[in-house]
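>>> Quick one, fold the following:
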Amino acid sequence: MGRISETVKVLLIINILFFVGTISLGEQAYDLFALHYPANEKFQFWQLVTHMFMHGGTTHIFLNMFMLYMFGSHLEFSLGQNKFLFIYFSAGFGAAGLQLLFLYVGYQDAIQTLQSAGISLQQIQESQKLFLESGRYYIFNDVPPEVSEKLISNYGSKMVGASGAVFGIMAAFAVLYPNLPLYLMFIPIPIKAKYLIGAYFIFDLYSAATGNTIIGPTNIAHWAHVGGAIIGFLVMWYWKKNSFNQNRWN
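Residues are numbered from 1 along each chain as shown. Below you'll find the predicted structure:
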């Protein structure tokens, strides 16, 4: 393991402090700092940033922080603090944006299906209010139960984690060092960064598109991973392409 960079060190500390605070505050912390669907009355604008420092458990934060350390330090030493932070947060915002987009599509589709079946907007809002107050919701007559479940799962969605930002860092790393050999734990065979990280991206894209999880738990926000990776790739590709014209990094 190499030397840890200063910005990565600060990010690790902030994430750990948020995690300790989450353990202390419990569900109240998620209500305040997790990213809620904008139609949900618990949504606040600051959640677009704070959700990147929230995590759902020990395994979740460990994996994200380990990946941040492994790829982030190397990337910061190469790019400098400002460019590193730009990739990190732009990837995090891109991850949130893509995830919210697909939540919006699912939420609107459920509403249209319910209204086509004669369910009023007031009834839908009452079901959402009931969910916020008690965790229960209405199963409407003459409508498949999965439609009501889809409505509430999108409306009540809470997004947490640095995964989108970290995936942006990993994608940028693969662009900057595509042929650098990496090793998987328990597999002593070097795999080039572009293949290993690229394969992980393809797995996430497949899971996002099909709903079938290949790696990790089933509640992963796969579109967030995809969004973060795309932003990290595009930003790093643009910088790398233009660096040949400038002959140096700024």
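
>>> hang on, Gln128 packs against Ile152?
Yes: using CB atoms under 8 Å, Gln128 is in contact with Ile152, at 7.2 Å. Yep, even glycine has a C-beta here, placed from its N, CA and C like the rest.

>>> who touches both of those two?
By CB atoms under 8 Å, 6 or more residues apart in numbering, Gln128 and Ile152 have these common neighbours: Tyr137.

>>> hang on, Ile16 in a strand?
No: counting by DSSP: H, G, I helix; E, B strand; the rest coil, Ile16 falls outside a strand, being helix.

>>> which helices and strands sit right next to the top strand by length along the chain?
The longest strand of the chain (DSSP state E) is strand 187-192. For strand 187-192, the elements it packs on are strand 181-184, judged by 3 or more CB pairs under 8 Å, 6 or more residues apart in numbering; DSSP states H and E.

>>> what does the strand it packs on contact?
189-193, 196.

>>> would a markdown table of these with distance to Gly94 and neighbour count be doable?
Below are the contacts of strand 181-184 laid out as a markdown table (distance: CB to CB, whole Å; neighbours: other CB atoms under 10 Å):
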| residue | distance to Gly94 | neighbour count |
| --- | --- | --- |
| Ile189 | 32 | 7 |
| Pro190 | 30 | 11 |
| Ile191 | 26 | 15 |
| Lys192 | 25 | 15 |
| Ala193 | 21 | 19 |
| Leu196 | 22 | 18 |
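
>>> Let me know the closest of the residues you listed to Gly168.
Closest approach to Gly168 among those (CB to CB): Ala193, at 14.6 Å.

>>> In contact with that closest one, which residues?
173-174, 177-182.

>>> Between the residues you listed, which sits nearest Asp31?
Phe173 (34.3 Å).

>>> any idea which element Val20 lies in?
Using DSSP states H and E, Val20 maps to helix 6-25.

>>> residues of the longest helix belonging to the chain that come out buried?
Counting by DSSP state H, the longest helix found in the chain is helix 81-116. Within helix 81-116, the residues that qualify as buried are 83-85, 87-88, 90-100, 102-103, 106-107, 110-111, 113-114, counting by 16 or more other CB atoms under 10 Å.
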